[in-house]
Structures are given as C-alpha cells and as structure tokens.
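K.L.:
After the sequence you'll find the predicted model.
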Amino acid sequence: MVSKYLERSNPMTSGVDKSEALALLLLNLLLYFIVTAIAAWVVNHGLERAHETASVLSIPARIFPIYFPFGNLATGFLMIFSLIAGVVGFTTSITGITNVIQWDVPNLHAAAASSLATWSLTLLAMGLACKEINIGWTDSNLRTLETILIVVSVTQLVCMGVIHAGVEDVVERDRYNRGRV
C-alpha cells in the first residue's frame with residue numbers, strides 16, 4: 001500500500017506509459033511488414049527478369065546478379081538494404097512488444113538496444129531511398145516503398161525515444177522505491 005502511494009507521488013517519473021510504446025511498436029510492426037513485402041516483391045521481380053534484360057547489357061552491368069528493369073541505379077542497393085531493414089525491424093518489433101509488455105529494467109534495456117540497431121538500419125535504407133528520389137525515374141511501387149521508409153524512420157525514432165524514456169522512468173522509480181539516491 002505504501003509503495004503504491006510512493007510510486008504515484010514520485011516527482012521524478014516522466015509519466016511514460018507502456019501503452020504508448022506498444023502502440024508505436026504495433027505501428028512499426030505493420031510498416032516493417034509492408035517494407036519487407038514490397039522489397040521482397042521487387043527483388044523477386046528483378047530476379048525473374050534479370051536473365052532476359054541483363055543479357056544485352058555491357059559487362060559491368062551483367063556482373064551485378066540482380067538487375068532491376070525498372071527504377072534507377074540506386075534501386076538495387078535500396079532493395080537489398082530495405083529488405084534487411086524490414087526483416088530486422090519486423091523481428092525487433094515483435095521482440096520489443098514482448099519486452100515492453102513485461103516493463104522491467106532488463107527487458108526495457110534489451111528493447112532500447114534493439115530499437116537503436118533497427119533505427120540505424122532504417123536510416124541507411126532511408127538514405128538510399130532519398131538518393132533514389134533525387135535521381136528520379138522510379139516506378140509507383142518504388143515510390144511507395146520510399147515513402148514508407150521515410151515514415152518508418154520517423155516512427156522508429158519516436159518509438160526509440162519512448163522506450164528510452166521508459167527505461168529512465170523505470171530505473172528512477174526503482175531507485176526511489178528502494179530508497180537509494
């Protein structure tokens with residue numbers, strides 16, 4: 001009873017609720033699934049049409065195993081990195097959901113570390129998407145992927161901030177409840 005009163009009257013807590021983190025993680029789960037699906041479709045499409053379209057190209061273009069008959073020169077790199085970022089983001093969103101549900105210090109530290117790694121990969125893919133936008137000549141499916149990558153990089157940043165604030169909140173609450181300074 002006393003600990004619940006101390007928990008509510010603690011002036012050090014920032015008021016971060018796990019429902020905010022869960023909502024952002026569910027949104028990121030959906031966005032990373034869409035990124036993975038579009039990137040996998042484009043890679044599959046590129047692999048199926050690579051033999052017939054790359055056979056007429058000069059030697060340097062034939063060396064790259066995936067030739068994309070649409071898009072521009074940044075498309076190949078964007079697809080590989082967005083596929084990696086999508087798969088890693090999807091899996092870390094699932095593990096982040098299980099970590100945030102438990103809402104204790106070790107699990108929140110794990111969620112914070114994985115969200116930082118995911119955000120780094122997402123920023124790499126977003127940078128390539130911005131380069132592809134800058135070059136131009138992209139298909140509508142690629143523009144959709146570029147837009148979703150930009151949106152998911154922002155939502156992953158916000159989610160990472162909420163998880164890190166939750167870590168600080170839980171650590172301060174534990175210190176306050178234990179009487180340590």
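P.N.:
Yep, it's here.
K.L.:
Wait, Ala112 touches Val162, no?
P.N.:
No: in this structure, Ala112 is not within contact of Val162 by C-beta atoms under 8 Å, at 10.0 Å. Backbone N, C-alpha and C define where each C-beta goes, glycine included.
K.L.:
mind checking how far the most centrally placed residue in the chain is from Asn107?
P.N.:
The centroid of the chain falls nearest to Gly89 when counting by C-alpha atoms, centre = their mean (4.1 Å). Using C-beta to C-beta, to the nearest Å, Gly89 is found at 19 Å from Asn107.
K.L.:
tell me the average confidence for stretch 27-36?
P.N.:
Taken as a whole, stretch 27-36 carries a mean pLDDT of 96.
K.L.:
What residues sit buried inside that stretch?
P.N.:
Buried residues in stretch 27-36, counting neighbours by 16 or more other C-beta atoms under 10 Å, are found at Leu27, Asn28, Leu29, Leu31, Tyr32, Ile34, Val35, Thr36.
K.L.:
any idea how far the residue nearest to the centre of the chain lies from Leu123?
P.N.:
Gly89 is 11 Å from Leu123, by C-beta to C-beta.
K.L.:
Quickly list what's touching both of those two.
P.N.:
Applying C-beta atoms under 8 Å, 6 or more residues apart in numbering, one finds that no residue jointly contacts Gly89 and Leu123.
K.L.:
Flag the shaky bits of this protein, pLDDT-wise.
P.N.:
Low-confidence segments of the chain (pLDDT under 70): 1-15, 50-69, 138, 179-181.
K.L.:
and the longest helix belonging to it, how far out from the chain's middle?
P.N.:
In the chain, assigned by DSSP state H, the helix with the most residues is helix 140-178. Per C-alpha atoms, centre = their mean, to the nearest Å, the displacement of helix 140-178 from the mean C-alpha position of its chain is 9 Å.
K.L.:
residues of that helix that come out buried?
P.N.:
Judged by neighbour count (16+ other C-beta under 10 Å), helix 140-178 contains these buried residues: 142, 145-146, 148-149, 152-153, 155-156, 159-167, 169-170, 173, 176.
K.L.:
ok, Met160 - contacts?
P.N.:
So Met160 contacts Ala112, Ser115, Leu116, Trp119 (C-beta under 8 Å, 6+ apart).
K.L.:
pretty sure the last one is touching Gln156, no?
P.N.:
Yes: taking contact to mean C-beta under 8 Å, the distance of 4.7 Å between Trp119 and Gln156 places them in contact.
K.L.:
How are the strands of the chain distributed by residue range?
P.N.:
Remark: strands of the chain are absent; assignment by DSSP state E.
K.L.:
What segments of this protein are helices?
P.N.:
Under DSSP H, the chain gives helices at 2-8, 18-54, 59-63, 75-102, 105-135, 140-178.
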